[in-house]
Each structure stands twice: as C-alpha cells, then as structure tokens.
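pasting a predicted model and its sequence here:
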Amino acid sequence: MNHCTLFISSKRNFVSALLVLLLSSSVSFSQEICLGADVEISTQNFSYSPAALTIDAGTKVGWVNFGGTHDVNGLASSVTGAAFSNPQSFSLGTMVGNSQGVCLGTLLFTVPGVYNYDCSIGNHAANGMIATLTVVEIVTGCNNSLACNYDSTATEDDGSCLFTGDACDDEDVNTEGDVIQEDCSCAGFQTFVDELEDLSVLIFPNPVTSVLTITLHSKSALQVFDALGKLIEETGVVSSWVLNVSDWEKGLYTVKTQEGKTHKFIVE
C-alpha cells in the first residue's frame, strides 16, 4: 500500500473518531439533569449561574450542583438575616454535588415578581453566592408595533394582529339579500375594543367576603374608595392585585384606574 494513502486513511479515521468523541461529549453535556425542568441553574464554588434570570410565570426551574455543598435559600438573607419577602417562599435542602452534576431539586414559579435567594451553607452568601429570579406574567396579544391593535404589554403574540385594509373571511347577508363582507379593519376593531372596555378590569369574586382578586388587561395603578369617597387602598402599576378584605366594613367600593375609569365591587 502507498504510504501516502495509508497516511490519508489514518488521518480520516482519526478525524472520524474525533468527531464521534465530540458529538458524544456534546450529547452528555446537553442531557437534562433535573428531570422536568424548563430551565436549569448551575451551582458551584461560590456562585449560581446565571445569577440573574428572567422567566415566564409557569416555568419550572431546576438547580444543578456541579461541586461542593450547596442549597437554595429563598426564605431570609444568610448575610443580614432579613426576610427576603419573596412573592412566594421557596427553598431546596443541602446536597453535595459532583462534576457530573447532581439535581438539588426543581421548583415551579407561578406568581409574578422578583425572587431573591442565596446559599446558606457556611459563608457562601457572604462570598457572593446570591441570585435573583424575575418571574413575568405571560400576556398574550398583538406585539407587532405596526398593527392597529398593538399591545405594548403583550409578551407573547397570539396571532390577533390587524392591519389597515384587513378584512374578515366571514360574510353576512343584509335584509335585501345582498352579500356583505364583515369589517375587520382598524376602524371595525376599535368599535370592538370600545364594546369590551368594561371587561378590561376583572374583579372576582364579587360580592366578596375575604380575598378579592383584580386582574387587568393592561397594567395600571389602582385606587380603592369606599362609598363615602374615602381612599382605602392603592397600589402602583400592576397587572393583578390581591386584597384581603375580610376586616373591611360591608358595603359598596369603587376601583379607579390611572385613566380614571371606575369599577364597583361589594364587600359582604
């Protein structure tokens, strides 16, 4: 056999073996360690990675320990002792990791807000093992800024965008038997929006005896007034608001948005 041919053949075999090795390594590193997790955060040395993460509400997060002894403490700061006051308390117990990765556990986050946490083992938190999770509410709507019905608060496009000149596929017949095309243009859509304006704020249950939930189609600051016009509660710009009214006086109350629109509810 020609020496040159032998060299090329050996080189090809080496490259093939190297590719197989690289592909195998890639597969092993991409394997899910925390089963069922939508996203994973690694812990090792004195850090969480990523240390700051933004996720949609309804996301399941897993923590993977790649070395050392760590935990996930979302209750109170291991440095100051002050409560984190997260939207929901959460924690995962102590576990020793290894280079292959050990799942500390998974947690499902459904309540929007900012969650702070740290590692409470030894002086890990004091050495910078502190992190945050920001959970954002999924708001469906049209997020194309060129559309008539563009919704700046929408985080997920639902395919509802309408543009000037758009028309529905649906047809209707008038009293004279003529076929007419239903208007889905911007003007038609605006009429539809005006008709649904009263549904932009949902208040439930109504009447209420204990916990009241207010949800908004568009974020707004809110104020609550009693029947005499006295300000009872207020909040900054939110997309939802939960109030405990169990100790409120019975009667009629008014919710006012920052645009000046009002909605009523009754405390029984």
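Right, received. Where do you want to start? Numbering: from 1, shown residues only.

where are the low-confidence patches of this structure?
For the chain, applying pLDDT under 70 flags the ranges 1-31, 164-199.

geometric centre of it: which residue is closest?
The structure's the chain has its C-alpha centroid closest to Asp56; by CA atoms, centre = their mean the separation is 2.2 Å.

the stretch 1-150 of the chain: helices as residue ranges?
For the stretch 1-150 of the chain, the helices defined by DSSP state H, counting those that start in this stretch cover 3-30.

one more: the stretch 151-268 of the chain?
Counting by DSSP H, counting those that start in this stretch, the helices of the stretch 151-268 of the chain are 186-195.

skipping adjacent residues, who's closest to the residue nearest to the centre of the chain in space?
Ile138 (5.1 Å; CB to CB, 6 or more residues apart in numbering). From N, CA and C alone the C-beta is placed, and that goes for glycine too.

how many neighbouring residues does the one you found have?
Ile138 has 12 neighbouring residues, counting by other CB atoms under 10 Å.

could you check the distance from it over to Val237?
18 Å (CB to CB, to the nearest Å).

returning to that earlier point: surely the residue nearest to Asp56 touches Gly58?
Yes: between Ile138 and Gly58 there is a contact under CB atoms under 8 Å: 7.0 Å.

what's the distance between Asp118 and Cys161?
Applying CB to CB to Asp118 and Cys161 gives a distance of 43 Å.

which of those two has more neighbours?
Asp118 (24 against 19).

spit out the contact partners of the more buried one.
Contacts for Asp118 (CB atoms under 8 Å, 6 or more residues apart in numbering) come out as Asn73, Ser77, Ser78, Val79, His124, Ala125, Met129, Ile130, Ala131.

cool, Lys250 as well?
Contacts of Lys250 by CB under 8 Å, 6+ apart are Val267, Glu268.

how much space between it and Asp226?
11 Å.

with Gly97 instead?
55 Å.

who's more crowded, these two?
Gly97 (20 against 15).

so that one touches Trp63, yeah?
No: counting by CB under 8 Å, Gly97 sits too far from Trp63 to count as a contact (9.8 Å).

shared neighbours, these two?
Common neighbours of Gly97 and Trp63 (CB under 8 Å, 6+ apart) are Thr43, His70, Leu104.

so which of those residues is the closest to Ser145?
Nearest to Ser145 out of the shared contacts of Gly97 and Trp63 is Thr43 (CB to CB; 39.6 Å).

residues touching that closest one, list them.
Taking CB under 8 Å, 6+ apart as the definition, contacts of Thr43 comprise Ser49, Trp63, Val64, Asn65, Phe66, Gly68, His70, Val72, Gly97, Leu104, Cys119, Met129.

dump those residues into a markdown table; add distance to Pro87 as well.
Converted to a markdown table, the contacts of Thr43 look like this (distance: CB to CB, whole Å):
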| residue | distance to Pro87 |
| --- | --- |
| Ser49 | 23 |
| Trp63 | 18 |
| Val64 | 24 |
| Asn65 | 25 |
| Phe66 | 28 |
| Gly68 | 29 |
| His70 | 23 |
| Val72 | 16 |
| Gly97 | 28 |
| Leu104 | 21 |
| Cys119 | 20 |
| Met129 | 22 |
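
among those, which one has the most neighbours?
His70 (28 neighbours).

who does the closest residue to that residue other than its chain neighbours bridge with?
Nearest residue to His70, sequence neighbours excluded (CB to CB, 6+ apart): Thr43, at 4.5 Å. The partner list for Thr43 in beta bridges (DSSP bridges) reads Tyr48, Asn65.
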